[in-house]
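S.K.: sequence first, then the predicted structure, then my questions.
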Amino acid sequence: HDTIFLSMNDTTNRMLSMEVTWVLSFFSFVYTNSYSYPCALIHWFDHIADEHDELTGMWMVKPSFIMDGMKNLSVIHVGSIIHTAHLLPIFGHEPSNSLDTNGCFYVNHFSDHHTFELAS
């Protein structure tokens, strides 16, 4: 799955200034000025808590839904993408290993050095 960190605040590069999202599609369009705008259709994730998990040191997220169980979707400019995100299912907490269901996930900050810096 294509999950990413999305910049929401330029004041810091830590987890509280970013959101985790799932990229459903990349596309571009040309507006009247003949400039191509690269975009992505994303599904938002919600933070489960305002701080990382005490036991694992990892942040926890779950897919965001709006009224009637519809996915919380948006179109973004690809320039707001910071880095890829690796999610691990939280077993025993709404068991699921698929982003398609309403499962809960750890944001794995051990996947690489850059992610460790961003999500620790």
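M.R.: Sure thing, it's come through.

S.K.: when you work out contacts or count neighbours from here on, use the C-alpha atoms and nothing else.
M.R.: Will do.

S.K.: quick one: secondary structure of the residue lying closest to His109 once chain neighbours are set aside?
M.R.: For His109, ignoring the flanking residues on the chain, the nearest one in space by Cα to Cα, 6 or more residues apart in numbering is Phe116 at 4.5 Å. On the three-state scheme (DSSP: H, G, I helix; E, B strand; the rest coil), Phe116 is labelled helix.

S.K.: what about Phe116, how many residues nearby?
M.R.: 14 (other Cα atoms under 10 Å).

S.K.: tell me the predicted confidence for it.
M.R.: Phe116 is assigned 78 on the pLDDT scale.

S.K.: in the sheet, who's paired with the residue nearest the centre of the chain?
M.R.: Computing the C-alpha centroid of the chain and ranking residues by Cα atoms, centre = their mean puts Val20 first, at 1.7 Å. With DSSP bridges applied, Val20 shows beta-bridge pairing to Phe5.

S.K.: contacts only, for it.
M.R.: By Cα atoms under 8 Å, 6 or more residues apart in numbering, the residues touching Val20 are Thr3, Ile4, Phe5, Leu6, Trp44, Phe45, Asp46, Val61, Ala85.

S.K.: which non-adjacent residue is nearest the first one?
M.R.: The shortest distance from Thr3 to any non-neighbouring residue, by Cα to Cα, 6+ apart, is to Trp22 (4.3 Å).
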